[in-house]
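Chemist: need a structure here:
(one chain, ligands or ions: 2)
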Amino acid sequence: MSNKIVVALGGNALGKSPKEQLELVKETAKPIVDLIQEGNNVIVAHGNGPQVGMINLAMPDMPFPECGAMSQGYIGYHLQNAIREEFLNRGMNTPVSTVVTQVIVDKDDKAFNNPTKPIGSFYNEEEAKKLEQEKGYDMKEDAGRGYRRVVPSPIPIDIAEKETVKILVDNGHVVITVGGGGIPVIEDNNSLIGVPAVIDKDFASEKIAEILDADYLIILTAVEKVAINFGKENEQFLDKLNVDDAYKYIDEGHFAPGSMLPKVRAAIKFAESKSGRKSLITSLERAADGIQGKTGTLIVK
Ligand SMILES: Nc1ncnc2c1ncn2[C@@H]1O[C@H](COP(=O)(O)OP(=O)(O)O)[C@@H](O)[C@H]1O
Ligand SMILES: NC(=O)OP(=O)(O)O
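Modeler: Ligands and ions are numbered 1, 2, ... in the order given. Below you'll find the model as predicted:
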């Protein structure tokens, strides 16, 4: 059956450096093209946490929206070429392109006063303290994996280039959009003005999935399924999660704030947005099996 699917790619699809990314995207392209070859209409979104942090660290005077735009550009460039090549290898010539995508946020979003989005590399506690003192960064522990810089992450309200994306998708193009959650902007009369933030790609992917009236939101990350009691002795991986249980597990603290929590929240939001919409959280490698119901955690209303 043909579905319209928004695929959100996590950090493991892109690697830790441009060189690693260039190699990794060849593998990333395969499950995406598998889904398309099976007759699905696929829209690709991706994260940029490590990349936007690296860009800003290298160019501290570069404003955050510009850093986000740079990350969209070079990640999109790698992804679109890898997907193009995978199409050609399979005798297909589906057009693929990246749309520089701006995501409109609320200038009064409380997130601007409460940085929560982890970006850049991981540091130990001592290094983190040094960065706080020397560079004035806000540093937080990220899901038991070490310390990372955190920046504001407002909620996406709308997508400036949504009509362009729609036209391309409706005409059979593969579009890479809302890269890194999109470039965060606020509306000021006729102007769109960049604001210093990094939008969560899971929430931006959910937004574009709603706008495009997608059937599926697939969030691809490093784990095949979502777990309760993650990493504990009584860890239990879930095949299916209804939104009521998902809310209960959120309240019980099963999903780490810097990692799995935004995915589960975005998945709930999409599943709740219209009858029949489904969200799936699984690993990149298992995406094609996941859509056939063979693996992953399916989140439904
Ligand atoms: N309850 C949970 N179930 C499964 N994974 C979890 C859970 N809580 C935290 N995680 C961690 O979240 C990670 C995914 O988040 P992250 O690496 O930040 O995402 P991304 O793939 O978007 O870069 C998983 O690889 C896993 O280590
Ligand atoms: N922007 C964003 O959510 O990036 P990550 O998925 O890399 O955290």
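Chemist: where does the stretch 1-150 of the chain get nearest to ligand 2, which residue?
Modeler: Closest contact between the stretch 1-150 of the chain and ligand 2, by Cβ to the nearest ligand atom, is at Gly47 (2.3 Å). To be clear about C-beta, it is placed using only N, CA and C from the backbone, and glycine gets the same treatment.
Chemist: shouldn't that residue be in contact with Val178?
Modeler: No: applying Cβ atoms under 8 Å, one finds Gly47 not in contact with Val178, separated by 10.2 Å.
Chemist: any idea which element Phe122 lies in?
Modeler: Per DSSP states H and E, Phe122 falls inside strand 117-123.
Chemist: what does Gly53 give?
Modeler: Taking DSSP H and E as the definition, one finds Gly53 inside helix 49-58.
Chemist: so what secondary structure elements neighbour that helix?
Modeler: helix 64-89, strand 117-123 (3 or more Cβ pairs under 8 Å, 6 or more residues apart in numbering; DSSP states H and E).
Chemist: which among the ones you listed is found nearest to Ile291?
Modeler: helix 64-89 (17.1 Å; Cβ to Cβ).
Chemist: can you redo the helices and strands packed on helix 49-58 as CSV with mean pLDDT and distance to ligand 2?
Modeler: Formatted as CSV, the helices and strands packed on helix 49-58 follow (pLDDT from 0 to 100; distance: least, Cβ to the nearest ligand atom, whole Å):
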stretch, mean pLDDT, distance to ligand 2
helix 64-89, 98, 8
strand 117-123, 94, 7
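Chemist: picking up where we left off before, contacts for the helix holding Gly53?
Modeler: In this structure, residues lying in contact with helix 49-58 by Cβ atoms under 8 Å, 6 or more residues apart in numbering are 11, 14, 16, 62, 64, 67-68, 70-71, 74-75, 117-121, 148-149, 180, 198.
Chemist: what is the orientation angle of that helix with helix 64-89?
Modeler: Angle between the axes of helix 49-58 and helix 64-89 is 130 degrees (criterion: axes from the mean of the first three to the mean of the last three Cα atoms, to 10 degrees).
Chemist: flag every buried residue along helix 49-58.
Modeler: Gly49, Pro50, Gln51, Val52, Gly53, Met54, Ile55, Asn56, Leu57 (16 or more other Cβ atoms under 10 Å).
Chemist: stretch 11-27 now?
Modeler: By neighbour count on 16+ other Cβ under 10 Å, the buried set for stretch 11-27 is Gly11, Asn12, Ala13, Leu14, Gly15, Gln21, Leu22, Leu24, Val25.
Chemist: what about ligand 2: which of those touch it?
Modeler: On the criterion Cβ under 6 Å from any ligand atom, Gly11 are the entries of these that sit beside ligand 2.
Chemist: which residues touch Leu217?
Modeler: Taking Cβ under 8 Å, 6+ apart, one finds 5-6, 8, 205-206, 209, 266-267, 270, 277-280 in contact with Leu217.
Chemist: backbone dihedrals for it, both of them.
Modeler: Leu217 adopts backbone torsions of phi -110, psi 120, taken as degrees, to the nearest 10.
Chemist: one step back: now the contacts of helix 49-58: which count as buried?
Modeler: By 16+ other Cβ under 10 Å, the contacts of helix 49-58 give 11, 14, 64, 67-68, 70-71, 74-75, 117-120, 148-149, 180, 198 as buried.
Chemist: up against ligand 1, what does the stretch 201-301 of the chain have?
Modeler: Contact residues, the stretch 201-301 of the chain versus ligand 1 (Cβ under 6 Å from any ligand atom): Thr221, Ala222, Val223, Val226, Ala227, Phe230, His254, Phe255, Ala256, Ser259, Met260.
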